[in-house]
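Q: Turn this into a structure:
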Amino acid sequence: MMPLAQIQAIPQGADYIRILPELVLSIFGIVIMVLDPLVDEEKSQKTLGLIGFIGTLAGLASTWYMARQPWGLAFSKTIRVDGFSIFFNYLVIAIAAVVILSSFEYMAVQKIRAGEYYALILFSAVGMTLMSSAIELVLIFIGLEISSISTYILAGFRRNEASSAESSLKYFLLGSFATAFFLYGVALMFGATGSTNIDIISQRLQSSPAEMLVYTSMALMFVGLGFKVAAAPFHVWTPDVYEGAPAPVVGFMSTAPKAAAFAVLLRVVFSINVPGRFWFLWVAAALSMTLGNVGALVQNNVKRLLAYSSIAHAGYLLVAFAMTTPDTSLNGISAAMFYTAAYAAMNVGAFAVVSHLANAGERYVNLEDYEGLGRSSPLLAATLTVFLLSLIGIPMTGGFFAKFYVFSAALRANLIWLTIIGVLNSAVGAYYYLRIIVVMYMRESRKEVPVGPVSLGLALALAITFVATLYLGILPNRVLQVAQHSAHDLLPAASGAAGVAQNPRPTGNTN
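A: A predicted model of the protein is given here:
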């Protein structure tokens, strides 16, 4: 029981302030669903999309307001607002905003009724922000399901295409199977420690030796989360689902759910702080990098190529999770957070370009369709080139510093062989990214591919991702400092006692 004075010190309504972004996004999603049957189908594309975009702006504003209130626990210690959760709230909602902007033109060209599409993006973002804030494994599972159900439906939104239906069904079946593994892991953790609260689990594991059941539980939870981040050997769904799903949805699926799942994985690995180094994280990182890059080498479909690229980048990110010793954890957490932000900017931008070039029915998504793009649409080709160079890890782009921080932290943690595997895979990956650039600038077009004018929404989405990619490559220190402060909030030693109901926002915190 908390002391009476401590209970009285909690501001009235503080619990709701600490889930304010989720409330705002949910309200806007409900408004879209209510208005959808009332709005003319031709007007629904922009009207409901604009409401969805305003909803994401309101979500960002509510996160900003929440970040300036006292941080702490909410709803019976199931949610914690700290620098770590705020970082991922901003990231997930910003991704949703950019994807909505890039979807205006796509939905009009594909002639898809848009109402529930934008609502599902908002509802999915609700689940993801809940995942990043939750410190209760059962609540994390609920957030995971909210996010997953929305993305299952979004993957099949091209209803007239068999490949889209296949994409949705495959994602649903394998996703449900993977979620069961996560739930079994939660059940075993409860059996081993008597709790599903991450803080309490951490305290009990520090006071007594970890049983084999705890390690089994961690492995099972990693299986469930490994599916969400498309890490090998749980990656088999990725190419087919990415190929069939709408291009803007793929941009969303490949970044926002990954960011949320990595946020959960960071909490599970570093906050629970089970003693010992997890060999399966090392193996998953090496496998993901290798299989992702090798698979991408033989792809001619750009969406499938970027799908395998996504697997490879999940591997690079997992390198940071292998740093589980107390003296290397902080570097690993901050490197993973920075990598997540950089990858989101460049990959959402790349898929925004793909969605514009695909045209009706997504007929133009093969490499040969990009031939001569440097001459027919030089600005679009240059923008895509910057995103591809960032995915390679060329200096002055966010991708360079993302890989630099991960690999340098791995070297400091004495993960020499894993770093060598990562660097070699980066060299392999450069080939298929450069292949797209060569096709755009050094090949003559063998068939006429219509490249229409870029709409205002898409132009704004590309501008945001383009600037973010260069900003993270030229001036990365600000975001890295935020990530480092947030990493301190995640580690058990920096979190303070789990029983404290309200912690004031740290003085001088960059959030």
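Q: any low-confidence regions in the stretch 201-350 of the chain?
A: Residue ranges of the stretch 201-350 of the chain with pLDDT under 70: 275-278, 324-327.
Q: And the helices in it?
A: Along the stretch 201-350 of the chain, the segments classed as helices by DSSP state H, counting those that start in this stretch run 212-228, 238-244, 247-253, 256-266, 279-297, 302-319, 329-358.
Q: again, but for the stretch 1-150 of the chain
A: Assigned helices in the stretch 1-150 of the chain, in chain order: 4-8, 14-17, 20-35, 41-67, 83-110, 115-133, 137-155 (criterion: DSSP H, counting those that start in this stretch).
Q: what's the spacing between the fourth one and its chain's center?
A: Chain-centre distance of helix 41-67: 19 Å, with C-alpha atoms, centre = their mean, to the nearest Å.
Q: between that helix and helix 20-35, how big is the angle?
A: Helix 41-67 and helix 20-35 are oriented at 160 degrees to each other (axes from the mean of the first three to the mean of the last three C-alpha atoms, to 10 degrees).
Q: Of the helices of the stretch 201-350 of the chain, which is nearest Pro70?
A: The closest of the helices of the stretch 201-350 of the chain to Pro70 is helix 256-266. By C-beta to C-beta, the value is 21.6 Å. Any C-beta I mention is one placed from the backbone N, CA and C, and that applies to glycine too.
Q: still on that earlier bit, and the helices of the stretch 201-350 of the chain, which is most packed in?
A: helix 247-253 (a mean of 29; mean count of other C-beta atoms under 10 Å).
Q: So which elements touch the lengthiest helix in the chain?
A: Criterion DSSP state H: the longest helix present in the chain is helix 162-193. Under the contact definition 3 or more C-beta pairs under 8 Å, 6 or more residues apart in numbering; DSSP states H and E, helix 162-193 sits against helix 137-155, helix 198-207, helix 212-228, helix 238-244.
Q: Check the average confidence over the longest one, would you?
A: Read that as helix 137-155. If you average the pLDDT over helix 137-155, you get 93.
Q: and Ile333, which of the helices and strands packed on helix 162-193 is closest to it?
A: When these are compared for distance to Ile333 using C-beta to C-beta, the nearest one is helix 198-207, at 14.6 Å.
Q: What are the buried residues along the closest one?
A: Neighbour-count burial for helix 198-207, with 16 or more other C-beta atoms under 10 Å as criterion, is recorded at 198-205.
Q: Quick one: work out the angle between that helix and helix 162-193.
A: Using the same axes, to 10 degrees, helix 198-207 lies at 50 degrees relative to helix 162-193.
Q: my guess is Leu188 meets Leu213, correct?
A: Yes: contact status for Leu188 versus Leu213: in contact at 5.5 Å, counting by C-beta atoms under 8 Å.
Q: residues touching the nearest residue to Thr465 once chain neighbours are set aside, list them.
A: Using C-beta to C-beta, 6 or more residues apart in numbering and skipping the chain neighbours, the partner closest in space to Thr465 is Gly349 (3.2 Å). Gly349 is in contact with 383, 387, 461-462, 465-466, 469, counting by C-beta atoms under 8 Å, 6 or more residues apart in numbering.
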